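Enquirer: Sequence and predicted structure, then a few things I'm wondering about:
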Amino acid sequence: MLVQILINGLSVGSVYALIAIGYNLVYGILEQLNFAHGDVYTVGCFVTFSSLMIGWNPLICIALGMATGFAINLGVERFAYRPLRTKGANRIAPTISAVGVAYIMRNVVQLVWGPQTFMFDLGLFQKNSLHVGNTIIGMLQIYIFIIAVSLMLLLNVILKKTKMGQAIIAISQSIPTAALMGVQVNRVIALVYGLGAALGVIGGLLFCSYYEFIFMGIGFMFGTMKAWQATIIGGIGSLKGQSSERLLWGLARPLFRPISLRPTRMR
Amino acid sequence: MKSDNKADMKKLALFAFLVLFLAIPQVVHNTYMLKVIINVMLYSIIALSVNLIVGFCGLLDFGRSAFAGLGTYFLAITLTRYGNFPFFLAFFGAGLFSASVGWLLGMLCQKTAFDYLTLITLGVNEIVRVILLNWQSATGGAIGIMGVPSPNLFGFHFDTHRRFFYFAYALLAICYILIRRLTRSHYGRAFEAIRDDAIAASYSAINVPKYKALCFSFASFFTGIAGAAMVSYTNYASPYNFTIDESLIMMQMAILGGLGSLPGCILGAAILIIAPEISRTIYDYRLLVMGILMVILMVFAPNGILGKNGVGERMVDIVRIRRAEK
């Protein structure tokens, strides 16, 4: 029983870790609460969902969703965050414009796709499961874990080894100094926002395929808030701490589920 | 002399405006309009209390609605369970209860700062919401508490919309004056010093943890009172009113209006209450309107409308430049 709970927790936790990494990229660099993260990647997830409905190849659909998230965050960064940054506002002001963006995105999803809950199936993963003794491990759980861990490792390598990654780290240490060293601050920050949203779309899609549903509210409660909590507890700007905490949190959730007073309400 | 004269004129204009505002219930007979105005006034008190924490002490607090909930339920429980409990006592008790919980939170958060504190306030909000929802014997659970009596001060019932208007008006005025006095006392100076630089403040003999706890408790007092006033207006306490979304909106009011500016809070509350009401006719696009409004306001006035370099100051600058040109 305990092993089963641990396995379930690990797979849920790795989904949340993916969502939180995108959040943490921005948060670690600018110390800005990005309340729009969840709702932006929700739009990407819905684009994937729609193109899946048309019957395209799932991989193309995922790429399309990621591209959508990327593009939306580039635009949002340009019109809602960058003016504030160049004006030298305090760090609370972008929070409010981010909440505004979140409202806009949620409303767009509601207007285009409607507020109802849809069944979601990527069609990429096998539905069978492995039986090891008493514990059951779904193939989907294994895939999710592998995808999450490999993406985390990939991101770590990008940050450590590539020029762009070093530019991101330089900006996180000091924006003026990075600008003096020839880093194009605005472009890199926009890219980080885009990358965060793209990673968020993958996390969101895995979340949706794990629970087999998609609706307009997956962004705020399941995305933004949990990503933010994970980031703070795991360590702001630290990828490792953040993903390990996320895994921990994922473990804690099903463990405490049996003793919680009533099932968590979907919001 | 001239500037004295100007200040006098300003005061006179303000006084005239306040008196004219008093006449609103006599002129406006539309209950809906009155309700919106009363809501703006009550939320203004909460926005003022948020400003005390976020604008003056520089702590980001996402759990304000929890304290409104504590005040709400203190008043509702005392007045509905204990027959002849005097309203005045219950009302102040709500404020004091909320303040004591705020003080406790402040004591707990003495050593925490930055976003870690924000996370704690968020947790407190969720704890309070779940307690209100699940402690059925005391709070009535999801059903809430019905039949909370209207304000009754010295034998006078504020039971109609018009009468309650005056109650809310007086309450807002008293709270505004108290908070204004507070921010200009040595407490307020200490809060501002902590906001600007906690380390420098501690070297200026300011007991930073103590003042943080005090700031939380002062602000929670006003939030609790506003919550109590709200429930005595709607006569119904529901646990669903005290969510994180609500806290976010309360914080947005203070930030939109301008951190550190007291009149800004009232303006911010007015914008965030009236905007959704106006856009009720285009219900599906309501969030869109709110979102676009928030983004535009923030981009053009990053420190709030009446804050530093906000729209207010910019307009004064424009007038000055025009005059200099003449």
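Expert: Received the coordinates, thanks. Numbers count the residues shown, from 1 in each chain, chains lettered A, B, ... in the order given.

Enquirer: For the rest of this, base every contact and every neighbour count on C-alpha atoms.
Expert: Noted.

Enquirer: I'd like to know how far the closest residue to chain A within chain B sits from A:Gly217.
Expert: When distances are taken as CA to the nearest CA, chain B reaches nearest to chain A at B:Gly291, 3.7 Å away. For B:Gly291, the distance to A:Gly217 equals 16 Å [CA to CA, to the nearest Å].

Enquirer: B:Gly304 too?
Expert: Taken as CA to CA, the span from B:Gly304 to A:Gly217 is 29 Å.

Enquirer: wait, isn't the residue of chain B closest to chain A in contact with A:Tyr103?
Expert: Yes: if you go by CA atoms under 8 Å, B:Gly291 and A:Tyr103 touch, sitting 5.1 Å apart.

Enquirer: if I pick the residue of chain B closest to chain A, what's in contact with it?
Expert: A:Ser97, A:Val99, A:Gly100, A:Val101, A:Ala102, A:Tyr103, A:Ile104 (CA atoms under 8 Å, 6 or more residues apart in numbering or on different chains).

Enquirer: Among these, which one has the most neighbours?
Expert: Within the contacts of B:Gly291, neighbour counts (other CA atoms under 10 Å in any protein chain shown) peak at A:Ser97, which reaches 31 neighbours.

Enquirer: how about the nearest residue to that one, chain neighbours excluded?
Expert: B:Val295 (4.5 Å; CA to CA, 6 or more residues apart in numbering or on different chains).

Enquirer: who touches that neighbour in this structure?
Expert: Going by CA under 8 Å, 6+ apart, the list of residues near B:Val295 reads A:Ala80, A:Ile96, A:Ser97, A:Ala98, A:Gly100, A:Val101.

Enquirer: which sections of the chain are below the confidence cut-off?
Expert: Picked chain A for this. Residues of chain A meeting the criterion pLDDT under 70: A:89, A:234-267.

Enquirer: meant chain B, my bad for not saying
Expert: For chain B, the ranges with pLDDT under 70 are B:1-4, B:113, B:308-313, B:326.

Enquirer: At the geometric centre of it, which residue sits there?
Expert: In chain B, the centroid-proximal residue (CA atoms, centre = their mean) is B:Ile46; its distance is 1.4 Å.

Enquirer: Can you pull the phi/psi pair for A:Ile136?
Expert: Per-residue torsions, A:Ile136: phi -110, psi 130 (degrees, to the nearest 10).

Enquirer: Tell me, how many residues neighbour it?
Expert: Other residues within reach of A:Ile136, judged by other CA under 10 Å, total 14.

Enquirer: Name all residues that make contact with it.
Expert: A:Gln4, A:Ser129, A:Leu130.

Enquirer: measure it to chain B for me?
Expert: In this view, A:Ile136 and chain B are 33 Å apart by CA to the nearest CA, to the nearest Å.

Enquirer: For the residue in chain A positioned nearest to chain B, which non-adjacent residue is closest in space?
Expert: In chain A, the residue that lies nearest chain B is A:Gly100 (3.7 Å; CA to the nearest CA). Leaving aside its sequence neighbours, A:Gly100 sits nearest to B:Gly291 (CA to CA, 6+ apart; 3.7 Å).

Enquirer: One more: A:Thr117?
Expert: A:Phe215 (4.6 Å).

Enquirer: so how many other residues sit close to that neighbour?
Expert: Counted with other CA under 10 Å, A:Phe215 comes out at 20.

Enquirer: quick one, what contacts it?
Expert: A:Pro115, A:Gln116, A:Thr117, A:Phe118.

Enquirer: Phi and psi next, for the first one.
Expert: Note on A:Pro115: backbone dihedrals following degrees, to the nearest 10 are phi -80, psi 0.

Enquirer: That one against A:Val108, yeah?
Expert: No: contact criterion CA under 8 Å: A:Pro115 and A:Val108 do not qualify, at 10.6 Å.

Enquirer: Counting neighbours, go ahead and name the busier of these two.
Expert: A:Val108 (19 against 14).

Enquirer: residue furthest from the geometric center of chain A?
Expert: Distance from the C-alpha centroid of chain A, by CA atoms, centre = their mean, peaks at A:Gly133 (33.7 Å).

Enquirer: circling back: which helix or strand contains the residue nearest to A:Gly100?
Expert: In the assignment (DSSP states H and E), B:Gly291 maps to helix B:286-300.

Enquirer: right, and the helix or strand after the host helix or strand of B:Lys11?
Expert: Using DSSP H and E, B:Lys11 sits in helix B:2-22. Per DSSP H and E, helix B:2-22 leads on to helix B:24-27 as the next helix or strand towards the C-terminus.

Enquirer: How about residues contacting the next helix or strand after that next one?
Expert: Where DSSP H and E defines the elements, the next helix or strand beyond helix B:24-27 is helix B:31-50. Residues outside helix B:31-50 that contact it (CA under 8 Å, 6+ apart) are B:25, B:28, B:61, B:64, B:161-162, B:164-165, B:168-169, B:172, B:175-176, B:179, B:218-220, B:222-223, B:226, B:229-230, B:250-251, B:253-254, B:262, B:265-266, B:268-270, B:273-274.

Enquirer: all strands of the chain, in order?
Expert: Unless you meant another one, I'm taking chain A. A:118-119, A:129-132, A:135-138, A:213-214 (DSSP state E).

Enquirer: Chain B, not that one
Expert: B:145-146, B:152-153, B:156-157, B:236-237.

Enquirer: who's more crowded, B:Gly304 and A:Gly217?
Expert: B:Gly304 (30 against 20).

Enquirer: how distant is the helix ranked longest in chain A from the center of its chain?
Expert: Counting by DSSP state H, the longest helix found in chain A is helix A:2-30. Helix A:2-30 sits 9 Å away from the centroid of its parent chain (CA atoms, centre = their mean, to the nearest Å).
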